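# 3D model of this:
(2 chains)
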Amino acid sequence: MHIPDGYLSPVTCGVMYAASAPIWYKATKKIEKTLTSRTVPLLSIFSAFSFAIMMFNAPVPGGTTAHAVGGTLIAIVLGPWAATIGVSIALLIQALFFGDGGILSFGANTFNMAIVLPFVGYAVYQLISRNAPASSSRHWIGAAIGGYVGINAAALAASIELGLQPLFFHMANGTPLYCPYGLAQTIPAMMLAHLTVAGFAEAVVTGGVVAFLQHTMPYLLKLRLRKDTVA
Amino acid sequence: MKDINKLWVALGILALLSPIGLLASGTAWGEWGTDEFPTMLGYVPQGLARFSDLWRAPLPDYSIPGLGSNVGYIFSALVGMALVILVSWGIGKILTGKKL
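Numbers count the residues shown, from 1 in each chain, chains lettered A, B, ... in the order given. Modelled structure (predicted):
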């Protein structure tokens, strides 16, 4: 889901930066209030986890690959605003040092994977686990389903950004300038990869880690109860 | 919060296991290099060709010059995680500065 440079027109890239920027700003303001010197190491641990988990490419029918992101997991432990910052940092390092995702398209990639993904995933998790006791299985089940829905929402956003390119940006004779595939191709291709493979990878990772934390470090799942400032 | 140390160990294990991520062959959909377009599409879209090499990453595709793909991937995971930790720790410290 890491859109490389050249697939989106510079105009689209500008729009996506403009969409992400105010949310980055709000996220820093939010975590300024919620993050403490005790939870900073957790932000680092879960951001690094997100970086690493994205390296586990899984095969997708049709010969392509996809991977989990871990954004919903960060949202569950530290809140969706912290997840935006954490996943954005992971994506920044991936783009700058490893060429995974572009520089111009960084705003689009963060919008999809660091904003849409954790906020949608967290909303679904909340819907399922709200008011459930800390040991309830509704937490890890909600985490798994939230992870699945969140990453698919992100994939849908990416496929729309890509699929709009040939419609708006082409040469006089109609030859596409950037991503050459329209919505009719990008949406089925991206959704196939994420509904069948990456969504389940994200569900297993998110639900699995939340179940693990419930059993071994339940206090990590209660961090947010004390200072929940997120709507 | 002492057993948070276990989570650091888990990150190290994750790095060692990362070459599992190399087993799947093929490129992620929509992440092809310009070299893949001629056979796939018959041409390289002009704008795509123009911007695709805008930035040259020092360790492209999580490879490290001189190291095999598996060892390079593990080191890339370690280097990448170290950088993510450094940046997130720095941002975290700045944002929580008032509370130190």
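# The closest residue to A:K30 other than its chain neighbours: which element?
Nearest residue to A:K30 in three dimensions, chain neighbours excluded: A:W81, at 3.9 Å (CB to CB, 6 or more residues apart in numbering or on different chains). For glycine as for every other residue, the C-beta is placed from the backbone atoms N, C-alpha and C. A:W81 belongs to helix A:80-98 when elements are defined using DSSP states H and E.
# Can you list the low-confidence ranges for chain B?
Regions of chain B meeting the criterion pLDDT under 70 cover residues B:1-2, B:98-100.
# shouldn't the residue nearest to A:K30 be in contact with A:Y25?
No - under the criterion of CB atoms under 8 Å, A:W81 makes no contact with A:Y25, lying 10.7 Å away.
# neighbour-wise, which of those two wins?
Taking other CB atoms under 10 Å in any protein chain shown, A:W81 and A:Y25 do not tie; A:W81 has more neighbours (28 against 10).
# Do you know the pLDDT at the more buried one?
Looking at A:W81, its pLDDT is 97.
# need the strands for chain B, in chain order.
Assigned by DSSP state E, chain B shows no strands.
# Which stretches in it count as helices?
Using DSSP state H, the helices found in chain B span residues B:5-17, B:37-41, B:46-51, B:69-95.
# Can you add distance to A:M191 and mean neighbour count and give these back as JSON lines?
Formatted as JSON lines, the helices of chain B follow (distance: least, CB to CB, whole Å; neighbours: other CB atoms under 10 Å in any protein chain shown):
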{"stretch": "helix B:5-17", "distance to A:M191": "28", "mean neighbour count": "14"}
{"stretch": "helix B:37-41", "distance to A:M191": "20", "mean neighbour count": "12"}
{"stretch": "helix B:46-51", "distance to A:M191": "22", "mean neighbour count": "19"}
{"stretch": "helix B:69-95", "distance to A:M191": "28", "mean neighbour count": "19"}
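# Would you mind putting the ones you listed into TSV with distance to chain A alongside?
Listed next are those as TSV, based on distance: least, CB to the nearest CB, whole Å:
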stretch	distance to chain A
helix B:5-17	5
helix B:37-41	6
helix B:46-51	4
helix B:69-95	3
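# Show me the one of the ones you listed that comes nearest A:A90.
Of all the helices of chain B, it is helix B:69-95 that lies closest to A:A90, at 5.3 Å by CB to CB.
# related to what we said a few turns ago, would you mind giving the helices of chain B as JSON lines with distance to A:N57 added?
Shown next, in JSON lines, are those (distance: least, CB to CB, whole Å):
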{"stretch": "helix B:5-17", "distance to A:N57": "13"}
{"stretch": "helix B:37-41", "distance to A:N57": "19"}
{"stretch": "helix B:46-51", "distance to A:N57": "22"}
{"stretch": "helix B:69-95", "distance to A:N57": "10"}
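# spatially speaking, which residue is in the middle of the chain?
By default, I'm working from chain A. A:M113 (2.8 Å; CA atoms, centre = their mean).
# my question was about chain B
Of all residues in chain B, the one closest to the mean position by CA atoms, centre = their mean is B:Y62, 5.6 Å from it.
# Wait, that residue touches B:G72, no?
Yes - using CB under 8 Å as the test, B:Y62 is close enough to B:G72 to be in contact (7.0 Å).
# Quick check: neighbours shared by those two?
Residues touching both B:Y62 and B:G72 by CB atoms under 8 Å, 6 or more residues apart in numbering or on different chains: none at all.
# Which element, helix or strand, includes the most far-flung residue of chain A relative to its centre?
What lies farthest from the middle of chain A is A:N173; by CA atoms, centre = their mean that is 36.7 Å. Following DSSP H and E, one finds A:N173 outside all helices and strands.
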